[in-house]
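**Q** No letters, just coordinates:
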Ligand SMILES: Cc1cc2nc3c(=O)[nH]c(=O)nc-3n(C[C@H](O)[C@H](O)[C@H](O)COP(=O)(O)OP(=O)(O)OC[C@H]3O[C@@H](n4cnc5c(N)ncnc54)[C@H](O)[C@@H]3O)c2cc1C
Ligand code: FES
């Protein structure tokens with residue numbers, strides 16, 4: 001949770017994924033969405049900001065015999081990038097965005113992934129469609145051995161929902177990183193809950209990573 005302004009407007013910190021660890025620091029990768037991220041964009045280099053974190057959980061690693069399939073929609077790449085880096089050469093990445101220009105860090109993703117399947121909504125790069133659709137066309141060849149895969153995903157809600165239907169059908173375990181509006185970030189305000197088959201869960205505390213099957217989509 002990062003403070004975007006020293007004053008009271010906006011009052012609340014904004015949630016970001018730990019995009020990448022550097023020598024003695026960390027990087028975030030963000031898309032300008034509204035007021036807070038707009039302020040961040042115009043901030044002078046060297047400005048100090050308060051930060052609360054790291055918060056929440058993380059993606060569990062796959063077992064040695066599993067092939068990780070990583071699905072990223074748009075800025076969702078910020079959440080899975082460290083995992084791709086950590087899995088050094090093992091992950092097959094399905095990376096989708098609205099247009100070619102929205103495919104951030106593609107060169108670096110290619111560097112660390114085993115393979116990258118790109119898609120865009122407008123067809124300006126890779127296959128036309130979403131990352132959930134490209135995953136769906138990839139899986140039938142492996143229908144007899146779905147347990148060899150472990151899926152990790154972050155992106156817009158409709159992408160995660162579509163993906164969860166596919167992984168349920170193929171009985172593949174999928175971990176999704178959920179995005180909800182955050183207020184406190186520490187589990188106190190209940191502003192970030194999602195409905196699961198085991199009651200409501202807080203994205204900031206029990207998440208953001210949850211299994212696709214536990215969520216009531
Ligand atoms: C766990 C988590 C990790 C995140 N990681 C990243 C990241 O690495 N990079 C990144 O760019 N963004 C990330 N986000 C989203 C980021 O928090 C929002 O984009 C940011 O808070 C927007 O702030 P703003 O003041 O610019 O927009 P606001 O002015 O607050 O809102 C602008 C518009 O965006 C919508 N919006 C704002 N926040 C969210 C949200 N969380 N979910 C859905 N809609 C929202 C609002 O409803 C409004 O329509 C993450 C969110 C969560 C919950
Ligand atoms: S943001 Fe307050 S409980 Fe999650």
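**A** Done, it's in. Bear in mind that the values here come from a model prediction, so they are computed numbers and not experimental data. Ligands and ions are numbered 1, 2, ... in the order given.
**Q** residues in contact with the residue of the chain found nearest ligand 1?
**A** Proximity to ligand 1, evaluated over the chain using Cβ to the nearest ligand atom, is greatest for residue 34 at 2.1 Å. C-beta: built from backbone N, CA, C; applies to glycine. Contacts for residue 34 (Cβ atoms under 8 Å, 6 or more residues apart in numbering) come out as none.
**Q** Check the gap between it and residue 53 for me.
**A** 21 Å (Cβ to Cβ, to the nearest Å).
**Q** How about residue 170?
**A** Counting by Cβ to Cβ, the separation of residue 170 from residue 53 is 34 Å.
**Q** and these two? which has more neighbours close in?
**A** residue 170 (18 against 14; other Cβ atoms under 10 Å).
**Q** Give me the mean pLDDT for the host helix or strand of residue 153.
**A** In the assignment (DSSP states H and E), residue 153 maps to strand 149-154. Averaging pLDDT along strand 149-154 yields 97.
**Q** How about the residues of the protein by ligand 1?
**A** When proximity is defined by Cβ under 6 Å from any ligand atom, the chain lies next to ligand 1 at 10, 14-17, 19, 28-31, 33-38, 75, 78, 179-182, 208.
**Q** Quick check: ChimeraX command selecting the buried ones in these.
**A** The buried residues among these can be selected in ChimeraX (16 or more other Cβ atoms under 10 Å) with this line:
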select :14,15,16,17,19,29,30,36,75,78,179,180,182,208
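**Q** Shouldn't residue 186 be within a strand?
**A** No: read with DSSP: H, G, I helix; E, B strand; the rest coil, residue 186 is coil and lies in no strand.
**Q** relative to strand 149-154, how tilted is the longest helix belonging to the chain?
**A** Assignment by DSSP state H gives helix 157-170 as the longest helix of the chain. Comparing the axes of helix 157-170 and strand 149-154 via axes from the mean of the first three to the mean of the last three Cα atoms, to 10 degrees yields an angle of 170 degrees.
**Q** Going by neighbour count, which residues of helix 157-170 are buried?
**A** Using 16+ other Cβ under 10 Å as the burial criterion, the residues of helix 157-170 that qualify are 159, 160, 162, 163, 164, 166, 167, 170.
**Q** try stretch 131-147
**A** Within stretch 131-147, judged by 16+ other Cβ under 10 Å, the buried ones are 131, 132, 133, 134, 135, 136, 139.
**Q** Among those, show me the least confident.
**A** Within the set of the buried residues of stretch 131-147, pLDDT is lowest for residue 139 (90).
**Q** In contact with the residue nearest to that residue when sequence neighbours are not counted: list those residues for me.
**A** Among residues not flanking residue 139 along the chain, residue 170 sits closest, at 5.5 Å (Cβ to Cβ, 6 or more residues apart in numbering). By Cβ under 8 Å, 6+ apart, the residues touching residue 170 are 139, 143, 146.
**Q** ok, now how distant is residue 170 from ligand 2?
**A** Distance, residue 170 to ligand 2, using Cβ to the nearest ligand atom, to the nearest Å: 31 Å.
**Q** Now do the same for that residue: its pLDDT.
**A** Predicted confidence (pLDDT) for residue 170: 92.
**Q** any idea how far residue 128 is from it?
**A** With Cβ to Cβ as the criterion, residue 170 and residue 128 are 23 Å apart.
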